[in-house]
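A.B. asks: Fold the following for me, if possible:
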Amino acid sequence: MFIRIKKRKFSTGTKKYAYLVKSKYYKKGSRQKVVKYLGKVHHLKKLKAKKKKIIGKTKNSEEFIITLIRRELRNFGFRGKEALCFIHPEGFRINLIDQTVSDDQQEITLALNYGILCNFTLKELFDELKSSKDDITKTKNLGKKLIAAGITVKKPEFVTLYNLIRAKSNDEQSQAMPGNARQ
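C.D. replies: Got it, this is the predicted structure:
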């Protein structure tokens, strides 16, 4: 599945809307079907990016991902209402607990960097965190989903993310060993 942006012309100008689309392959070629309407696309301007070092400040991969998202949202003018809820001056709300992106009335999509932040991309990102894939696959998938959601990840941060995932995996394996492994 992928996100398609469609432009619609109105007398007041052109507006963009996002749709979740699924491809099906037939003998005559592929066909796409809209699975879900994701909302109106809002393009936000990035404020002066704050160079905030986040490596070494988090203890697990979920906390690290949230820190990456928080930093990116602040770069676009969002302020934290609560620990995991953010509000933009234009009235856009992002709730990382419920994994929702909305304005006052409905769900919306936000164009950040080269990606789209919406309910779907947030859910995909947090579902990948909970997956039981091997460390390398999980880290690659998280990297792709972060980029798809418009969250920038620098190379050292990606390495830190991998190390956090690997450390968690090693802890889970050592706890799963029956009896005392040292003898």
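
A.B. asks: now the longest helix along the chain, how far from the chain's geometric center?
C.D. replies: Within the chain, and with DSSP state H defining each element, the longest helix by residue count is helix 155-176. Once both centres are worked out by Cα atoms, centre = their mean, to the nearest Å, helix 155-176 turns out to sit 19 Å from its chain's centre.

A.B. asks: Same check on stretch 68-88?
C.D. replies: On Cα atoms, centre = their mean, the centre of stretch 68-88 falls 13 Å from the chain's centre.

A.B. asks: now do the same end-to-end measure for that stretch.
C.D. replies: For stretch 68-88, the first-to-last residue distance is 17 Å (Cα to Cα, to the nearest Å).

A.B. asks: Give me the residues contacting it.
C.D. replies: 44-47, 49-50, 52, 54, 66, 89, 92-97, 110, 112-113, 146, 149-153, 157 (Cβ atoms under 8 Å, 6 or more residues apart in numbering). Just so you know, the C-beta spots here come from the backbone N, C-alpha and C atoms, and that holds for glycine as well.

A.B. asks: which sections of the chain are below the confidence cut-off?
C.D. replies: 49-57, 81, 171-183 (pLDDT under 70).

A.B. asks: Which element, helix or strand, includes residue 140?
C.D. replies: helix 135-148 (DSSP states H and E).

A.B. asks: Which neighbouring elements make contact with that helix?
C.D. replies: The contact analysis (3 or more Cβ pairs under 8 Å, 6 or more residues apart in numbering; DSSP states H and E) places helix 135-148 against helix 61-75, strand 115-117, helix 119-130, helix 155-176.

A.B. asks: Reformat the ones you listed as JSON lines; add mean neighbour count and distance to residue 19.
C.D. replies: Output for the helices and strands packed on helix 135-148, formatted as JSON lines (neighbours: other Cβ atoms under 10 Å; distance: least, Cβ to Cβ, whole Å):
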{"stretch": "helix 61-75", "mean neighbour count": "19", "distance to residue 19": "23"}
{"stretch": "strand 115-117", "mean neighbour count": "22", "distance to residue 19": "11"}
{"stretch": "helix 119-130", "mean neighbour count": "18", "distance to residue 19": "10"}
{"stretch": "helix 155-176", "mean neighbour count": "14", "distance to residue 19": "30"}
